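Student: this one's sequence-less:
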């Protein structure tokens, strides 16, 4: 993730004070959270591209890129964000200012540094799938080219849509406020009120407390991440295990107290707007506690033949599917062997999540068109006007700094597309994707980047629309798994990278970082990060025996790669076998396509209701892309050991993410507004940083040497609720499960 650090001065410059004094009601931010959090001051005289910035920034980039890729393959993937680096950079920056010569130039300067634009380079999924799951060779040069083109393709898309997703005040990117608050706490001098504490004092208390506490769920007492006490009532009952397991079942009555798992997939609940929290909660409850049990116990799609929650691929008798057996020597589907082996089956829950992906796709398109279509059109037209109305922060930036010319982004975009086309032609035996597939993937990214960007910028939730790329290329160019993965990487994942870059542009706008300095730091930081990510992944694949292979790894191994496994399974479903054999006329799951229609109708009905009852403002807050996408991260979360009791984390239900988000987003925000304004995002940053530091310490001091504690408090959910993953259909044989 990119981070930008700016040191504030106690006395702003004359330009800064003039801006602040000119603020009136017309200059209030469109979003109250932004109004309460982001300062409206700037000092354009402070230098940015200093020696300190490059040393600290590139150092942080290298270290965090290595750590994030290292933890990516673990059962609970941990992403160390820029917040942790910021804490380390502040004292180092002050130390360098005192030690280095030319102190007058360095004092009062801003520091800016760019980590990788995301927790990891998602194109590493392709490396894992080809080398670890399909057991095929992949030269390092080809792997590196795929990695770097994915990142910089996203950078090009980000440049195209800056005007729409960065400059408007309504596009506020909620998670950025966590970093803005932390910057203020670390750099601004604040007077302590009697009986209270400053933000930096509060942050340090939270940091130390979070750091000390995480030794319990992280090492000494890991059970508290998911205490599934309902399973204890009847440990030999499959039904009770399915109901009570917080990792493999519905999680009814389960309890979890662990910040790392609460925030691991959906991000910090403290950064979620209340309307988004309610939509996520509604979607989660309906899917997990209503739709999934009904489908399972009605045996829809032979649901009882498979575990109630699973993202695995199965034979018709409930045994795991041997994917490698149906691949020929050209890396295509062997139709004869596939016909003998039989079709691939999946759990009903997994099928429903794909249906929800279909619905989220159509819901996103319709929602953005009916609720934001006119605004997007006005912004497109207004981008060419000189007298357009701008947000206060945008006006400050326009007044004080030169913009990044569009051609800077276009040059990167054109060169990148040309390089990808070259890869598709010259290395076609490896990537399988033809040149026209590259152009089609780019067209999809252009269409969906602004649509999804509006959703993320206003709700802090990203609908998972990878299904559109998988579906399209799967129908057009089936039986080629690597082609499907590459198409998804260039069509969908480049779009997610673009949104992360755009979010960073917005952070730079909030912190008044010169756009051209931001551009330089991001380009160089991205290049360095890709090199480190690719090298780290390559090293781990050679260093760790049986990486990602649960059948050969020890039972308690952390190297299970939940994210990569789901990526691999998707390549089998959409690329190797193809959607026509899964969701078309030849497949068992053709009725899932009706979800497309459901997703298209739902937001349109909400829009009609909002027009029919304009006084009922709550109607327009019904957000079907968020409701339908609430469980988008559950397949990888299941691979991580999470079930219905979670939303993307091994934390049981009723989901703690929803509870924490509701408490702080509603009660604290409404009744303790001043406390929320001062401490809410600082609290989130402290929890993130303390947990991250202890996680690293535990691994370096204990995990790397294999030192663990074996006692009942460290028994995982698969031990306490061992029957939760059992099938309940007659005659199905699974290891450790009763046969009905």
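Tutor: Ah, there it is. Just so it is clear, the model here is predicted, and its values are computed rather than measured.

Student: Next one: residue 685 from residue 199, what distance?
Tutor: According to C-beta to C-beta, to the nearest Å, residue 685 and residue 199 sit 10 Å apart. C-beta here means a position set from N, CA and C on the backbone, and glycine is covered the same way.

Student: My error: substitute residue 522 in the last question.
Tutor: From residue 522 to residue 199 the distance is 28 Å (C-beta to C-beta).

Student: same question, residue 656
Tutor: From residue 656 to residue 199 the distance is 25 Å (C-beta to C-beta).

Student: Also residue 481?
Tutor: Residue 481 is 50 Å from residue 199, by C-beta to C-beta.

Student: Of these two, give the one with the bigger neighbour count.
Tutor: residue 481 (29 against 20; other C-beta atoms under 10 Å).

Student: so who does the more buried one touch?
Tutor: Residue 481 sits next to 129, 134, 327, 331, 432, 571-572, 575-576 when contact means C-beta atoms under 8 Å, 6 or more residues apart in numbering.

Student: any idea which of those residues is least confident?
Tutor: Minimum pLDDT for the contacts of residue 481 is recorded at residue 331 (88).

Student: Now it: phi and psi?
Tutor: Backbone dihedrals for residue 331, given as degrees, to the nearest 10, come out at phi 70, psi 30.

Student: what's the average pLDDT for the longest helix belonging to the chain?
Tutor: If you go by DSSP state H, the chain has its longest helix at helix 348-382. The average pLDDT within helix 348-382 is 83.

Student: quick one: buried residues of it?
Tutor: The neighbour-count check on helix 348-382 (16 or more other C-beta atoms under 10 Å) flags 348-368, 370-372, 375-376, 379, 382 as buried.

Student: continuing past it, what's the next helix or strand?
Tutor: helix 392-400 (DSSP states H and E).

Student: sorry, back to before: elements contacting the longest helix of the chain?
Tutor: On a contact count with 3 or more C-beta pairs under 8 Å, 6 or more residues apart in numbering; DSSP states H and E, helix 348-382 meets helix 162-165, helix 292-297, helix 435-459, helix 466-476, helix 594-612, helix 624-628, helix 634-639.

Student: Deepest-packed of those, please.
Tutor: helix 624-628 (a mean of 28; mean count of other C-beta atoms under 10 Å).

Student: quick one: whichever strand or helix holds residue 146 to helix 435-459, angle?
Tutor: Secondary structure assigned from DSSP H and E places residue 146 in helix 140-160. Taking axes from the mean of the first three to the mean of the last three C-alpha atoms, to 10 degrees, one finds that helix 140-160 is oriented at 50 degrees with respect to helix 435-459.

Student: Any idea how far helix 140-160 is from the middle of the chain?
Tutor: 18 Å (C-alpha atoms, centre = their mean, to the nearest Å).

Student: Please point out which parts of that helix sit buried.
Tutor: 142-160.

Student: which residues touch stretch 127-136?
Tutor: Against stretch 127-136 from outside (C-beta under 8 Å, 6+ apart): 73, 137-138, 143, 323-324, 327, 331, 481-482, 485, 534, 537-538, 541, 547-549, 561, 564-565, 567-568, 571.

Student: Good, we can wrap up now.
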